[in-house]
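> compute the structure for the input listed below.
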Amino acid sequence: MSRALFWIALAVLIWFAVRAKLRAAARKHQMHVPPQGPEAMPPAAIENMTSCAHCGLHFPVSEAVHADGRDYCSPGHVRLPPGQP
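Predicted structure coming up:
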């Protein structure tokens, strides 16, 4: 009977040791892997906004059509008078 208890206790100790090693390895691997998902993505660059001289639509400055010192949302609005929808 004592031999059976010895082998059971030994098996349980080995099982706990292996489980602890696997958990430690998983934690170590998790620390070296960069996070993925929405929280891992760098924040988008903030861009200045402007409004169309014709229709008043707000849009990023990089998308502006510049003419006569004013910003327009499209080449079609450059030909129209400012301030009229």
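> residue ranges with poor pLDDT in this protein?
For the chain, the stretches flagged by pLDDT under 70 are 32-41, 84-85.
> which helices and strands does the longest helix along it pack with?
In the chain, assigned by DSSP state H, the helix with the most residues is helix 2-32. With contacts defined as 3 or more C-beta pairs under 8 Å, 6 or more residues apart in numbering; DSSP states H and E, helix 2-32 has no packing partner among the helices and strands. Every C-beta, even on glycine, is put in place using the N, C-alpha and C of the backbone.
> mind listing what's buried in the very next helix or strand once past it?
The C-terminal neighbour of helix 2-32 among helices and strands, as given by DSSP states H and E, is strand 49-51. Along strand 49-51, the positions that meet the burial threshold by neighbour count (16 or more other C-beta atoms under 10 Å) are Thr50.
> likewise for stretch 52-63?
Within stretch 52-63, the residues scored as buried using 16+ other C-beta under 10 Å are Cys52, Ala53, His54, Phe59.
> can you redo these as JSON lines with distance to Phe6 and secondary structure?
As requested, those are exported to JSON lines (distance: C-beta to C-beta, whole Å; DSSP: H, G, I helix; E, B strand; the rest coil):
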{"residue": "Cys52", "distance to Phe6": "84", "secondary structure": "coil"}
{"residue": "Ala53", "distance to Phe6": "89", "secondary structure": "coil"}
{"residue": "His54", "distance to Phe6": "89", "secondary structure": "coil"}
{"residue": "Phe59", "distance to Phe6": "77", "secondary structure": "strand"}
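> and His54, how far from Lys21?
Plainly put, His54 is 69 Å away from Lys21 if you go by C-beta to C-beta, to the nearest Å.
> may I have stretch 78-85 as PDB, with CA atoms only?
Below are the C-alpha coordinates for stretch 78-85, written out as PDB (Å, rounded to 0.1, in the frame of the first residue of the first chain):
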ATOM      1  CA  VAL A  78     -13.000  75.700 -57.700                       C
ATOM      2  CA  ARG A  79     -15.000  76.900 -60.700                       C
ATOM      3  CA  LEU A  80     -18.000  77.800 -58.600                       C
ATOM      4  CA  PRO A  81     -18.300  81.100 -56.600                       C
ATOM      5  CA  PRO A  82     -17.300  80.900 -52.900                       C
ATOM      6  CA  GLY A  83     -20.000  80.700 -50.300                       C
ATOM      7  CA  GLN A  84     -22.800  79.300 -52.400                       C
ATOM      8  CA  PRO A  85     -24.000  75.700 -52.000                       C
END
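> right, I'll call it a day here.
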